[in-house]
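1. fold the following for me, if possible:
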Amino acid sequence: MTRAEIEAELERLHPAAFAWALACCGRDREDALDVLQTSYLKVLEGRASFAGRSSFKTFLFGVIRRTAQEARRRSLLRRLALADWSRKRPPAPASPLPEERVALLRALEALPRRQRQVLELVFGFGMTVEEAAGTLGISPGSARVHYERGKKRLRGTLSHG
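-> Okay, here's the model as predicted:
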């Protein structure tokens with residue numbers, strides 16, 4: 001198949017491929033998007049090549065399944081390495097957090113994920129809302145909405161807490 005034919009097939013199969021990636025990733029949308037993007041790159045860059053022994057859809061779904069397995073294995077290895085590292089590390093001395101900081105952390109944890117991410121990038125990492133949008137792969141308008149809603153929700157939570 002030519003690259004143009006492969007691209008056309010990927011585009012045609014995208015809705016079904018995304019649904020399959022979701023199924024392979026335990027319905028986790030972010031993981032599914034990562035797996036799907038990696039799978040498409042493998043196909044387009046020739047790291048997974050279609051030999052014509054099956055339908056292109058069957059081939060693509062196999063690439064997605066294997067890519068999801070690889071992602072799960074990498075994630076497991078990272079968690080095991082982190083657990084091993086944390087067991088070997090001496091415990092940090094316990095220092096109580098000021099009440100205000102604890103309240104802020106709890107309020108942040110209660111926010112919807114995207115609002116929390118935008119606020120963390122802006123306030124925690126000194127990014128502009130536009131830079132946060134680029135980091136999260138969302139439009140600047142969407143990031144501004146999440147930013148404003150997150151600030152409003154934090155204000156409400158902290159003023160009643």
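2. pull the number of nearby residues for A8.
-> By the criterion of other C-beta atoms under 10 Å, A8 has 12 neighbours. C-betas here are computed from N, CA, C, even on glycine.
3. no wait, E5
-> E5 is flanked by 11 other residues according to other C-beta under 10 Å.
4. in which helix or strand would I find it?
-> Using DSSP states H and E, E5 falls within helix 3-24.
5. again, but for G141
-> Taking DSSP H and E as the definition, G141 sits inside helix 140-160.
6. pLDDT on that helix, on average?
-> The pLDDT scores in helix 140-160 average 92.
7. what comes up buried for that helix?
-> A143, V145, H146, Y147, R149, G150, K151, R153, L154, T157 (16 or more other C-beta atoms under 10 Å).
8. cool, stretch 21-28 as well?
-> So, applying 16+ other C-beta under 10 Å, buried residues of stretch 21-28: A21, L22, C24, C25.
9. okay, the first one and R3: tell me how far apart.
-> Taken as C-beta to C-beta, to the nearest Å, the spacing of A21 relative to R3 amounts to 22 Å.
10. so what touches the helix holding E5?
-> Residues outside helix 3-24 that contact it (C-beta atoms under 8 Å, 6 or more residues apart in numbering) are 1, 28-29, 32-33, 35-36, 39-40, 43-44, 50, 56-57, 60-61, 64-65, 68-69.
11. which among those end up buried?
-> Those of the contacts of helix 3-24 that meet the buried threshold are 32, 35-36, 39-40, 43, 50, 56, 60-61, 64-65, 68, by 16+ other C-beta under 10 Å.
12. show me which pair in those residues is furthest apart.
-> A32 and F50 (21.7 Å; C-beta to C-beta).
13. low-scoring pLDDT stretches of the chain, where are they?
-> By pLDDT under 70, the weakly predicted segments of the chain are 91-96, 161.
14. longest single helix anywhere in this protein?
-> Counting by DSSP state H, the longest helix found in the chain is helix 56-88.
15. my read: F50 touches T2, true?
-> No - counting by C-beta atoms under 8 Å, F50 stays clear of T2, with 11.1 Å between them.
16. how much space between the residue at minimal distance from the centre of the chain and A103?
-> The residue lying closest to the centre of the chain (C-alpha atoms, centre = their mean) is E30, at 3.9 Å. Separation of E30 from A103 (C-beta to C-beta): 28 Å.
17. on the three-state scheme, R53 is what?
-> Following DSSP: H, G, I helix; E, B strand; the rest coil, we place R53 in the coil state.
18. what about it, how many residues nearby?
-> Under the neighbour criterion other C-beta under 10 Å, R53 is assigned a count of 7.
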